[in-house]
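Participant: show me how the following folds:
(one chain, ligands or ions: 2)
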Amino acid sequence: MPVSTVNTPRVAELVRELLVAVGEDPQREGLLDTPARVASWWHSFLSPDLSAMATRFTETHASDQLVVVGGLNVWSLCEHHLLPMQLDAHVGYLANGTVLGLSKFGRIAQRYAGRLQVQERFTRQLADEVAAAIGSPDVAVTVHGVHLCMSMRGVRMESARTSTVHAAGRFRTDPLLSQQFLTLTTSGGGTV
Ligand SMILES: Nc1nc2c(ncn2[C@@H]2O[C@H](COP(=O)(O)OP(=O)(O)OP(=O)(O)O)[C@@H](O)[C@H]2O)c(=O)[nH]1
Ligand SMILES: [Zn+2]
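Facilitator: Ligands and ions are numbered 1, 2, ... in the order given. Below is the predicted model of the structure:
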């Protein structure tokens, strides 16, 4: 069930004040419903669905099998500028008799994206949560990020892309495994 910490009426009030502070008239027709819309958006953005279970299955044929789930695209908000960042994550783990429901990787990514973030922390949180869900430290995560605070403002570099990698357990100690993971993250995910 979604859990909210957002005081929606207060956010709407503050958005109305923001409009005044930037020289707008919150009473003009186009802006009348804007405070409520923005408050509703903050509410939905910051209210992750915590009910998602990390459904696991027993799969005896999966012995030491590398599983990579890619294309986990989520929107988050940069905590420095409150501007969107688009994060494209790939998660790899070693299935050893137990596999995690595929959609759960996306749900975990959504949970950590729905808050004020930095890409490095998101990468680490996603890896740690997957490790907890599968009950093993053998997890790797890559994230490719586009930060609007770098492209639409500030340094204004539209093509800037940030890549982060977190490798734990055998992904840290086994160069072949690490290489297989990185190869699959550039070819869209899969199993080896
Ligand atoms: N490491 C990291 N930095 C981020 C992330 N998102 C935004 N930033 C950076 O946070 C920094 C904040 O720097 P400040 O100098 O305090 O802010 P600023 O004056 O607005 O900086 P400019 O963006 O250079 O105009 C900027 O360099 C952003 O690019 C992120 O996910 N990870
Ligand atoms: Zn930023």
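
Participant: how near is Arg161 to ligand 1?
Facilitator: Arg161 sits 12 Å away from ligand 1, taking CB to the nearest ligand atom, to the nearest Å as the criterion. Yep, even glycine has a C-beta here, placed from its N, CA and C like the rest.

Participant: quick one, what contacts that residue?
Facilitator: 144-146 (CB atoms under 8 Å, 6 or more residues apart in numbering).

Participant: and after the longest strand belonging to the chain, which helix or strand comes next?
Facilitator: The longest strand of the chain (DSSP state E) is strand 56-78. Per DSSP states H and E, the first helix or strand lying C-terminal to strand 56-78 is strand 84-100.

Participant: please name the strands paired to that following strand in the sheet, noting orientation.
Facilitator: strand 56-78 (antiparallel), strand 139-147 (antiparallel) (DSSP bridges).

Participant: re the thing from before, just name the closest of the contacts of Arg161 to ligand 2, please.
Facilitator: Taking CB to the ion as the measure, ligand 2 lies nearest Gly145 of those, at 10.7 Å.

Participant: okay, which residue is most central for the protein?
Facilitator: The residue lying closest to the centre of the chain (CA atoms, centre = their mean) is Ala113, at 3.5 Å.

Participant: helices of the chain, start to end?
Facilitator: Assigned by DSSP state H, the chain shows helices spanning 8-21, 34-45, 103-113, 119-134, 148-151, 170-173, 175-186.

Participant: of those, which is nearest ligand 2?
Facilitator: Across the helices of the chain, closest to ligand 2 is helix 148-151 (CB to the ion), at 2.9 Å.

Participant: touching ligand 2 at all, that closest one?
Facilitator: Yes - applying CB under 5 Å from the ion, one finds helix 148-151 touching ligand 2 at Cys149.

Participant: for that helix, packing partners?
Facilitator: Packed against helix 148-151 by the contact rule (3 or more CB pairs under 8 Å, 6 or more residues apart in numbering; DSSP states H and E) you find strand 84-100.

Participant: in the strand it packs on, what counts as buried?
Facilitator: Under the neighbour-count criterion of 16 or more other CB atoms under 10 Å, strand 84-100 has 85, 87-95, 99-100 buried.

Participant: could you report the separation of Arg115 from Ile134?
Facilitator: 23 Å (CB to CB, to the nearest Å).
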